[in-house]
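A.B. asks: Predicted model and sequence below, questions to follow.
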Amino acid sequence: MSVYQLQIGEINCAVLQEGVVKMTAEDVIARYPNAEPDAIAAAIAAQPPSGSLNLLYLQSAGSHILVDVGFGETPGPPDMGGVLRGLTSLGLSAADIDIIHLTHFHGDHISGLVDADGATAYPNARYVTTRSEWNEWMARWKASDAARDRHRLQLISSIAERVSFVAPGEEIAPGVEVVNLEGHTLGHSGLLIESKGERLFHVVDILHQAFQLARPDWHFGLDSDGALAERVRRQTLGRCADENILTLFYHLDFPGLGRVGRDGEVFAWKPVN
């Protein structure tokens with residue numbers, strides 16, 4: 001369990017590491033279907049792949065906010081559940097969380113909605129997400145007979161009465177604005193946190209490995225729309241670089257924080273120390 005605390009103006013923030021997914025070179029190569037395997041292998045040789053899950057906690061205007069929930073205590077990769085331990089280290093519990101922003105509905109972002117007994121893991125939280133994210137996955141899951149899809153349909157349905165929809169440009173708390181990052185999923189969203197002239201941009205899953213900064217044209221295999229995801233990735237990385245915004249990625253090496261720079265027509269990553 002690792003926790004990285006920071007302050008954005010008057011907003012208290014912490015990156016909580018849920019865990020690390022171990023991946024072989026073959027695992028990573030299989031995730032980028034439009035890239036040459038030898039090129040991926042060379043990128044991995046230059047920089048080992050990251051499997052970190054970096055979740056953001058915020059305290060704004062008295063609200064305790066969690067961005068996604070990771071795997072939690074449910075079955076999944078080993079050594080997960082670090083977010084709950086991280087909250088404890090901050091003097092909080094799952095019951096203290098008021099708002100959960102679900103950036104998108106992939107399993108590593110929503111599985112922790114319930115605890116090991118199947119009960120609601122965050123009993124006092126309300127959930128916010130985009131309507132397009134809800135529509136994409138409810139339609140997909142309802143049309144599927146796959147056990148995993150039926151499980152996820154049941155999982156999200158269990159919190160349906162506490163879900164409300166937000167649109168890009170709206171705030172979920174003072175200084176915490178929803179940003180459209182569609183492509184990875186059709187309703188994928190991030191957050192721009194701003195207070196007292198300081199900013200943090202949580203860009204979630206616009207990329208999954210640092211080598212995608214140099215190769216933003218490499219599509220991730222789980223993208224709902226690879227071409228759209230690439231376009232949004234380029235636009236978002238360009239904004240981060242041009243505005244020199246402190247940036248958080250969900251999957252880069254913990255804490256996933258740093259700044260994006262330009263390297264000719266592509267980009268480079270400058271992680272925090």
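C.D. replies: Okay, I see it. Numbers count the residues shown, from 1 in each chain.
A.B. asks: what about residue 33, distance to residue 25?
C.D. replies: 16 Å (CB to CB, to the nearest Å). For glycine as for every other residue, the C-beta is placed from the backbone atoms N, C-alpha and C.
A.B. asks: Now stretch 55-67: buried residues?
C.D. replies: By 16 or more other CB atoms under 10 Å, the buried positions in stretch 55-67 come out as 55-60, 64-67.
A.B. asks: With stretch 209-227 instead?
C.D. replies: Neighbour-count burial for stretch 209-227, counted by 16+ other CB under 10 Å, picks out 209-216, 218-220, 223-226.
A.B. asks: and the two most separated of those?
C.D. replies: Maximum pairwise distance in the buried residues of stretch 209-227, criterion CB to CB, is 23.6 Å, between 214 and 224.
A.B. asks: residues in contact with the residue sitting nearest the centre point of the chain?
C.D. replies: Closest to where the C-alpha atoms of the chain average out (CA atoms, centre = their mean) is residue 204, at 3.5 Å. Residues near residue 204 by CB atoms under 8 Å, 6 or more residues apart in numbering: 67-68, 103-104, 181, 184, 188-190, 249-250.
A.B. asks: Any stretches of the chain with poor pLDDT?
C.D. replies: Residue ranges of the chain with pLDDT under 70: 1.
A.B. asks: ok, longest helix in it?
C.D. replies: Identified as the longest helix of the chain according to DSSP state H is helix 226-243.
A.B. asks: Output the contacting helices and strands for that helix.
C.D. replies: strand 198-204, strand 257-263, strand 266-271 (3 or more CB pairs under 8 Å, 6 or more residues apart in numbering; DSSP states H and E).
A.B. asks: Could you identify which of those strands is most buried?
C.D. replies: strand 198-204 (a mean of 23; mean count of other CB atoms under 10 Å).
A.B. asks: Which element is encountered next along the chain beyond it?
C.D. replies: Remark: after strand 198-204, the chain's next helix or strand is helix 211-214, criterion DSSP states H and E.
A.B. asks: contacts for that next one?
C.D. replies: 40, 43-44, 46-47, 207, 218, 220, 233, 237, 260, 263, 266-269.
A.B. asks: Distance from the chain centre to stretch 10-27, please.
C.D. replies: Distance of stretch 10-27 from its chain centroid, counting by CA atoms, centre = their mean, to the nearest Å, is 9 Å.
A.B. asks: Good, we can wrap up now.
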